[in-house]
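J.: test case, fold it:
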Amino acid sequence: MEAPPPRRTRRRRRGAPRPLVITVVALVVVLVLGTATVVGLRLLRKDSATGAGTTTAVLPSNDWAHGAHKAWTLDTSDGAQGSLTAVAGNNDQLVVRNTTNYAPDSGRIEIRVTAYDISGDEPQEQWSTNLDYQTDPSLSHYHYYTPFYWGDYIIVDDKLLRADNGEVSDAPWDKFPGIRGNYAIACDEENHCSAWNAEDPDRKLWETDIPDSFEYTHNGDSGILNGVYEGDKTIAFASPSTAVDLGTGELYDFHIDYSRNKEGVFQSDESFSIRVLADGWSKYNARSDRITILSPTGEELETLDGGLPYDAGVYLTDSHPRPTAAELKSYIEDGDADWAQIRGEFNKNSNTSCPITLTIGDSTFKPADESGSCIGLFPYPLAGPRLSLSSDGSVLMSSLEALSTSTGRRIGGMWSVEDGELIDFPGSKFSHDDDKDYNVFYLVNPELVVTYECTANKCDELTAYRPDKK
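T.: Numbering: from 1, shown residues only. From the prediction side, this is the model:
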């Protein structure tokens, strides 16, 4: 979702030290450190003149419609204790993060980050870097972030690694930031926010005070800057009512009265929710069931009568990640959604995110994994661009929204649009039933998927697949 309020504050539970369990958190939905939540930002196409960068999430090749075959395997453990914990990809580079050792009693963590050139028939190591961390031994879980790209760097926890050679430097922030293209923003416990650009990470772009920004940006379930407008400015929410220009630090008041209940949840007094459009914002009032169109900086432009039809949903894609105000208006008033590549039926009263059907061109089907379980796909506005289509529309891919500047992304399924069948990756299965044992699928570039199976927090071997040709 892309609605700033409400947000929930998570409190740290105090108690006796317990054995440390390492849990990787991908930069795809939420990022967790200890028991506080920090979030990454949704990636969109952007002109580099604004400083937001031009990296775009990768789309699947049309050739996956013909099937997949194993290309190579890679044992990432190198005989070390621990296991593979995360991957990130950018074009022909694959970065693998391994936990090589950890000492629960002292909270000491040792990791290895290795980069591979995956342009050829076999992966070739480019560089490898070892990092040490001291964590709080009183915490039962050590949560950390997957590596991801930021300009010429790879962010690994509080370190910056040069993508070309692995050279290590300290990140300029104290609290883990939200990332949008080349921008990074972090707010401290005094609600003092600072921003940087990957082109010159040693220089702050700006710093300013934003009330409630620390609590808002470091907790919640769906994102630090939950919806980012990109046009001639890049504007994102840093509190329930205040948005900030990431390039200049200029603040915009969206005039949303809010409070916090006894659980620490930010609540809009008028039940407002705000979602980003391609050319501004929409503000939905749940009490009146009306939507107001706002300019990028928060000025009210037009109020529409009636809410969105949730039973006949539209699904956003990477090529159309959000509607314009005119498209939203035509959808509300006339039911016109010709702008959407994917339509679907959805039962809003079913307590599930499963669509009844998806319709793409002349094909209608219900996507599911090997177990027959449906892939959770809420329609707009309950979710953003979780679906991708190949350039000719023959391949459908579901993914967690691209929240970093890596071109690669973790995916949840890939189907042939013609017959609605799940594409088979021999030896690896898309499955979402078991929280302990699972397969990770990661699309590195259009023609390379890597997978690894995690069992009891152990996952070492990567298997790579390439698409079959006609």
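
J.: contacting residues around the helix or strand containing Tyr465?
T.: Secondary-structure assignment from DSSP states H and E places Tyr465 in strand 461-467. Applying Cβ atoms under 8 Å, 6 or more residues apart in numbering, the set of residues contacting strand 461-467 from outside is 61, 63-64, 66-77, 84, 87, 96, 118, 123, 425, 427-428, 447-453. Every C-beta, even on glycine, is put in place using the N, C-alpha and C of the backbone.

J.: of those residues, buried ones?
T.: Using 16 or more other Cβ atoms under 10 Å as the burial test, the contacts of strand 461-467 include 61, 63-64, 68, 71-72, 74, 76-77, 84, 87, 96, 118, 123, 425, 428, 447-453 as buried.

J.: of the residues you listed, which belong to strands?
T.: Under the assignment DSSP state E, these contribute 68, 71-72, 74, 84, 87, 96, 448-453 to strands.

J.: how about TSV for those residues, with distance to Tyr438 and pLDDT added?
T.: Putting these into TSV (distance: Cβ to Cβ, whole Å; pLDDT from 0 to 100) gives the following:
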residue	distance to Tyr438	pLDDT
Ala68	19	97
Ala71	22	97
Trp72	22	96
Leu74	19	91
Leu84	13	70
Val87	14	90
Val96	18	93
Leu448	21	96
Val449	16	96
Val450	15	95
Thr451	11	93
Tyr452	10	87
Glu453	7	79
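
J.: kindly reformat those residues as TSV containing distance to Tyr149.
T.: Formatted as TSV, the entries for those read as follows, by distance: Cβ to Cβ, whole Å:
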residue	distance to Tyr149
Ala68	25
Ala71	23
Trp72	23
Leu74	20
Leu84	19
Val87	12
Val96	14
Leu448	16
Val449	18
Val450	16
Thr451	21
Tyr452	20
Glu453	25
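
J.: and which of these is nearest to Ser295?
T.: Val87 (40.1 Å; Cβ to Cβ).

J.: ok now do the closest one, which residues does it touch?
T.: Residues 94-97, 146, 408, 440, 442, 450, 452, 462 are the ones in contact with Val87 under the rule Cβ under 8 Å, 6+ apart.

J.: now with 10 Å?
T.: 26, 76, 94-97, 116, 146-147, 406, 408, 410, 440, 442, 444, 450-452, 462 (Cβ atoms under 10 Å, 6 or more residues apart in numbering).

J.: do Val417 as well
T.: So Val417 contacts 65, 342, 358, 360-363, 365, 389-390, 392-396 (Cβ under 10 Å, 6+ apart).

J.: for the residues you listed, which one is nearest Arg290?
T.: Arg290 lies nearest to Ile342 out of those, by Cβ to Cβ, at 26.7 Å.

J.: verify the stated contact: the closest one with Leu396.
T.: Yes: counting by Cβ atoms under 10 Å, Ile342 sits close enough to Leu396 to count as a contact (7.9 Å).

J.: residues shared between the contacts of these two?
T.: Between them, Ile342 and Leu396 share these contacting residues under Cβ under 10 Å, 6+ apart: 315, 317, 358, 360, 387, 389, 417.

J.: want to try CSV for the residues you listed, with secondary structure and pLDDT as columns?
T.: Conversion of those to CSV gives the following (DSSP: H, G, I helix; E, B strand; the rest coil; pLDDT from 0 to 100):
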residue, secondary structure, pLDDT
Tyr315, strand, 89
Thr317, strand, 89
Leu358, strand, 90
Ile360, strand, 94
Leu387, strand, 90
Leu389, strand, 94
Val417, coil, 95
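
J.: ranking those residues by neighbours, who comes first?
T.: Using other Cβ atoms under 10 Å as the neighbour test, these are led by Tyr315, with 27 neighbours.

J.: which strand residues bridge Gly280?
T.: For Gly280, the beta-bridge partners are Leu277 (DSSP bridges).

J.: so what's it up against?
T.: Contacts for Gly280 (Cβ under 10 Å, 6+ apart) come out as 229, 231, 235, 293-299, 301, 324-325, 328.

J.: the same query, at a cut-off of 7 Å, please.
T.: Listed by Cβ atoms under 7 Å, 6 or more residues apart in numbering, the contact set of Gly280 reads 229, 293-296, 325.

J.: about what we covered before: of the shared contacts of Ile342 and Leu396, which is the nearest to Lys262?
T.: Tyr315 (36.9 Å).

J.: how near is that closest one to Ser106?
T.: Remark: distance between Tyr315 and Ser106 (Cβ to Cβ, to the nearest Å) = 48 Å.

J.: what's the answer for Leu304, then?
T.: As defined by Cβ to Cβ, Leu304 lies at a distance of 58 Å from Ser106.
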